[in-house]
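Engineer: Structure, please.
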Amino acid sequence: MGMVIVLSLPLILFSVLVGFGCYLFGRAKGRQEVYATAQVFGAPAPPPGAPESNHTTTPPQTHFKHDNSANV
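Structural biologist: Next up is the predicted model:
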C-alpha cells in the first residue's frame, strides 16, 4: 500500500502542476493574440468592384409561419 501512495502522489501532483501550467500558458497566449489582432465591429465593406449605391436598403421583411388553417 505504501508503494501505491509513493508512486501515485507524485503523479497526481505533477498532473496538477502541468494542468495549471497549461492553463496559465494558454491564458497568456490568448491575451497576447487578442491584443495583436483586434477585431473591428461595424458594417461589412462591399466587395471590390461592386457598384456603389446611394440609397439605403430596406430591412428584410418578416416572414410568418402559416398556421395551416386553410388545410382543414
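
Engineer: Which pLDDT value goes with Gly21?
Structural biologist: Here, the pLDDT recorded for Gly21 equals 97.

Engineer: Roughly how far does Ser69 sit from Thr62?
Structural biologist: The span separating Ser69 from Thr62 equals 20 Å under the rule Cβ to Cβ, to the nearest Å. Every residue, glycine included, has its C-beta placed from N, CA and C.

Engineer: what does Asn68 give?
Structural biologist: Using Cβ to Cβ, one obtains 19 Å as the distance from Asn68 to Thr62.

Engineer: Please apply the same query to Ala70.
Structural biologist: Ala70 sits 20 Å away from Thr62 when distances are taken as Cβ to Cβ.

Engineer: same question, Ser15
Structural biologist: The gap separating Ser15 from Thr62 is 54 Å, by Cβ to Cβ.

Engineer: Of the two, which one has the most company?
Structural biologist: For Ser15 and Thr62, the more surrounded residue by other Cβ atoms under 10 Å is Ser15, and the numbers stand at 10 against 5.

Engineer: If we go by neighbour counts, what in the strand or helix carrying that one is buried?
Structural biologist: Here Ser15, judged by DSSP states H and E, is contained in helix 2-36. Buried residues in helix 2-36, counted by 16 or more other Cβ atoms under 10 Å: none are found.

Engineer: Could you give the number of residues near Thr37?
Structural biologist: 7.
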